[in-house]
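Engineer: need coordinates for the below:
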Amino acid sequence: MMITRLMNFAVIAVVMAESLIAQAGKDVSSQKYDAAMEKALMALEQSEGQPRIKVHALQTIVGIDIMTSRDADAWEKAVEAEGIARKEGFDKELAGILISKAKLCSYAEISPETGRNDEGLTYANEALEIAKEIGAHEEEAEACFVIGSLYINKNRWSDPIDQDIYRTAGEWLDRGQAIADSNSIERLRRNGVLFRSRWFQQGGRNQEALDYFANARKALPEDDHLMASALDDRLVRLYTRTGDAQAALDAHDDYVREITRYMTQKSDETLQEMETRFEVQEKERKLEKRGYQITILLMLVMLAAAIIVIAVNHIKRVRRRNVELQRINDTKEQLIEILSKDLSSPARAYRSELEKLSEDAPTLDSGQIRERCRAMAENAQSINEDVARYVGDLLIERSRKIADIGLSKREIEIIRLSAQGLTAAQIADKLFLSVHTVNTHRQRIYAKMDVKNVSDMIRTANELGLI
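Structural biologist: Take a look at the predicted model:
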């Protein structure tokens, strides 16, 4: 169970990280670099134990750093991502990282001494080979464009330029554009047009550049104001170089107009996004409110159920207690009836059985007494089990005391007849004994019971249950 739960948590973390990376990519497309960086960093935090997700997050961060001119930070993250990709065998990701490193080498070309073009070509060519091997057309096209840009860099400080290098740069740009066009990679098709700007400028081919960019400008969708402004900016520079001031001014006006439209477009998108976000938050607020209401309702239902359960259990306990009290009360009444000598007719239902058992008790052992009591308790018309148990214990105790005194069966008979008010003569006549013998028995009884007369003998015999 614990392993399954941990696996579920891991899957959720991966899904969340991938979602954050995708959202960061959308923010980059909308030039919301701060928001994109925040999401990419969150994805990086959640990528622990997931190397591919970590590489994707690092790639996204590198791309944002490059676009915001944080080259040193980008290089550090690129090196980290490269190490993971090589170790885990992530070829497609490795190709993308090597392209990013090649770009950073290209951007370092700010003076003849800072050039890292050959190093960049090494990364770009490796990326190209990997992309071709795995059929990653987007990485393949981008590697070609970067290689072309690096060859352009090689001629940056040359005067005159090296024509072989210049031609090689053009060939790589053509190759990249062909791959982007044939695979409908829209991002690179557009970027490929911009890559041409420096190449045309470096070769002094201003008129060709004007025709190329003008045609590219006409082919743009009407709502692609950002690309249109980029092309207008290049046309301004080209018309300026060719001395066509009016065309340069017109191109500049177009540039301003497209930038303005782009800003309006972004404002509308931002407003729409804010409205959508407000609607979503409003729905979430309503759902949250509804959730609170349902939670409160469930708590009330659970509370009511708990109260009902408690009440039912209480009623059951009260009923059980009443039954127990009734049983105890019945037992008490029976005991009172058994033990009381003041009742007019004590123990009616079982008087004869108790009298017979009481008479026989001195001659029975404890097991026999308990068995007789149990038999009485089983009889529905007789005493209940608790009373029978009590009577049994009482009779056993009395039998023990009688046994300790040492009364014989004949002596017990004389005691019981004396308790009936018979004189010695009457007892002698009833038992076919002489009066002298009866008196002798009485004297022995007095001695055993430690009494002095008939009254004391009868009282003690009554306490022992003999009568």
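Engineer: need the contact list for the residue nearest to residue 462 when sequence neighbours are not counted.
Structural biologist: Distances taken as Cβ to Cβ, 6 or more residues apart in numbering put residue 419 closest to residue 462, at 7.4 Å, once the chain neighbours are dropped. From N, CA and C alone the C-beta is placed, and that goes for glycine too. Taking Cβ atoms under 8 Å, 6 or more residues apart in numbering, we find residue 419 in contact with 458, 461, 462, 467.
Engineer: and if you look at residue 139?
Structural biologist: 92, 95, 96, 99, 127, 130, 131.
Engineer: residues in contact with stretch 28-36?
Structural biologist: The contact list for stretch 28-36 (Cβ under 8 Å, 6+ apart) reads 24, 25, 27, 60, 63, 64, 67, 68, 266, 269.
Engineer: which one of these sits closest to residue 232?
Structural biologist: Among these, residue 266 lies closest to residue 232 (Cβ to Cβ), at 17.3 Å.
Engineer: what about the closest one, how many residues nearby?
Structural biologist: For residue 266, the count of nearby residues is 15 (other Cβ atoms under 10 Å).
Engineer: tell me the confidence at it?
Structural biologist: Residue 266 is assigned a pLDDT of 72 by the prediction.
Engineer: I'd like the distance between it and residue 29.
Structural biologist: From residue 266 across to residue 29, the span is 12 Å (Cβ to Cβ, to the nearest Å).
Engineer: residue 317 too?
Structural biologist: Applying Cβ to Cβ, the value for residue 317 to residue 29 is 71 Å.
Engineer: between which two of the contacts of residue 139 is the distance greatest?
Structural biologist: Farthest pair in the contacts of residue 139 (Cβ to Cβ) is 92 and 99. Separation: 11.2 Å.
Engineer: these two: which is more packed in?
Structural biologist: Neighbour comparison, residue 92 and residue 99: the larger count goes to residue 99, with 28 against 16 (by other Cβ under 10 Å).
Engineer: and the nearest residue to the more buried one once chain neighbours are set aside, what element?
Structural biologist: In this structure, residue 99 finds its nearest non-sequential neighbour in residue 127, 4.8 Å apart by Cβ to Cβ, 6+ apart. Using DSSP states H and E, residue 127 falls within helix 117-134.
Engineer: from the chain's centre, how far out does the biggest helix by length in the chain sit?
Structural biologist: Determined from DSSP state H, the single longest helix within the chain is helix 245-339. How far helix 245-339 lies from its chain's middle: 17 Å, per Cα atoms, centre = their mean, to the nearest Å.
Engineer: repeat that for stretch 198-209.
Structural biologist: How far stretch 198-209 lies from its chain's middle: 63 Å, per Cα atoms, centre = their mean.
Engineer: buried set for it?
Structural biologist: 198, 199, 200, 201, 202, 203, 205, 206, 209 (16 or more other Cβ atoms under 10 Å).
Engineer: with just CA atoms, put the host helix or strand of the third one into CSV.
Structural biologist: In this structure, residue 200 sits in helix 186-202 according to DSSP H and E. These are the backbone C-alpha positions of helix 186-202, laid out as CSV (Å, rounded to 0.1, in the frame of the first residue of the first chain):
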residue,chain,number,x,y,z
GLU,A,186,6.9,27.4,-38.4
ARG,A,187,9.1,28.8,-35.7
LEU,A,188,12.3,28.1,-37.7
ARG,A,189,10.8,29.1,-41.0
ARG,A,190,10.3,32.5,-39.6
ASN,A,191,13.6,32.6,-37.8
GLY,A,192,15.4,31.5,-40.9
VAL,A,193,14.3,34.6,-42.7
LEU,A,194,15.9,36.8,-40.0
PHE,A,195,19.1,34.7,-40.1
ARG,A,196,19.5,36.0,-43.7
SER,A,197,19.7,39.6,-42.7
ARG,A,198,23.4,39.5,-41.6
TRP,A,199,24.4,37.2,-44.4
PHE,A,200,23.0,39.6,-47.1
GLN,A,201,24.5,42.6,-45.3
GLN,A,202,27.9,40.9,-45.0
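Engineer: against which helices or strands is it packed?
Structural biologist: Applying 3 or more Cβ pairs under 8 Å, 6 or more residues apart in numbering; DSSP states H and E, one finds that helix 186-202 contacts helix 137-154, helix 163-182, helix 206-218, helix 225-242.
Engineer: so which of those helices is the most packed in?
Structural biologist: Of those, the one with the most neighbours on average (mean count of other Cβ atoms under 10 Å) is helix 137-154, at a mean of 25.
Engineer: chain center to it: distance?
Structural biologist: On the basis of Cα atoms, centre = their mean, helix 137-154 sits 49 Å off its chain's mean C-alpha point.
Engineer: now stretch 81-100
Structural biologist: Centroid separation for stretch 81-100 versus its chain: 35 Å, with Cα atoms, centre = their mean.
Engineer: quick revisit: for the longest helix of the chain, packing partners?
Structural biologist: Counting contacts by 3+ Cβ pairs under 8 Å, 6+ apart, helix 245-339 packs against helix 225-242, helix 385-405.
Engineer: ranking these by mean pLDDT, which is last?
Structural biologist: helix 385-405 (a mean of 72).
Engineer: so how far is the helix or strand that comes right after that one off the chain centroid?
Structural biologist: For helix 385-405, the succeeding helix or strand toward the C-terminus, using DSSP H and E, is helix 409-419. Computed by Cα atoms, centre = their mean, the separation of helix 409-419 from the middle of its chain amounts to 86 Å.
Engineer: in a markdown table, list the helices and strands packed on helix 186-202 along with distance to residue 307.
Structural biologist: As requested, the helices and strands packed on helix 186-202 are arranged in a markdown table below (distance: least, Cβ to Cβ, whole Å):
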| stretch | distance to residue 307 |
| --- | --- |
| helix 137-154 | 66 |
| helix 163-182 | 72 |
| helix 206-218 | 78 |
| helix 225-242 | 67 |
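Engineer: give the rounded mean pLDDT of stretch 457-464.
Structural biologist: Stretch 457-464 shows a mean pLDDT of 85.
Engineer: quick check: buried residues in that stretch?
Structural biologist: 457, 458, 460, 461, 464.
Engineer: picking that back up, columns distance to residue 411 on top of the helices and strands packed on helix 245-339, output as TSV?
Structural biologist: Shown next, in TSV, are these (distance: least, Cβ to Cβ, whole Å):
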stretch	distance to residue 411
helix 225-242	131
helix 385-405	9
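Engineer: residue 435 is nearest to which of those helices?
Structural biologist: Among the helices and strands packed on helix 245-339, helix 385-405 sits nearest to residue 435 (Cβ to Cβ), with 24.2 Å.
Engineer: now the contacts of residue 139 as TSV including distance to residue 137?
Structural biologist: Shown next, in TSV, are the contacts of residue 139 (distance: Cβ to Cβ, whole Å):
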residue	distance to residue 137
92	11
95	11
96	13
99	13
127	13
130	13
131	8
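Engineer: which one among those residues gets closest to residue 142?
Structural biologist: Within the contacts of residue 139, proximity to residue 142 (Cβ to Cβ) peaks at residue 99, which comes in at 5.4 Å.
Engineer: for the closest one, helix, strand, or coil?
Structural biologist: Using DSSP: H, G, I helix; E, B strand; the rest coil, the structure places residue 99 in helix.
Engineer: having no further points to raise, I will conclude here.
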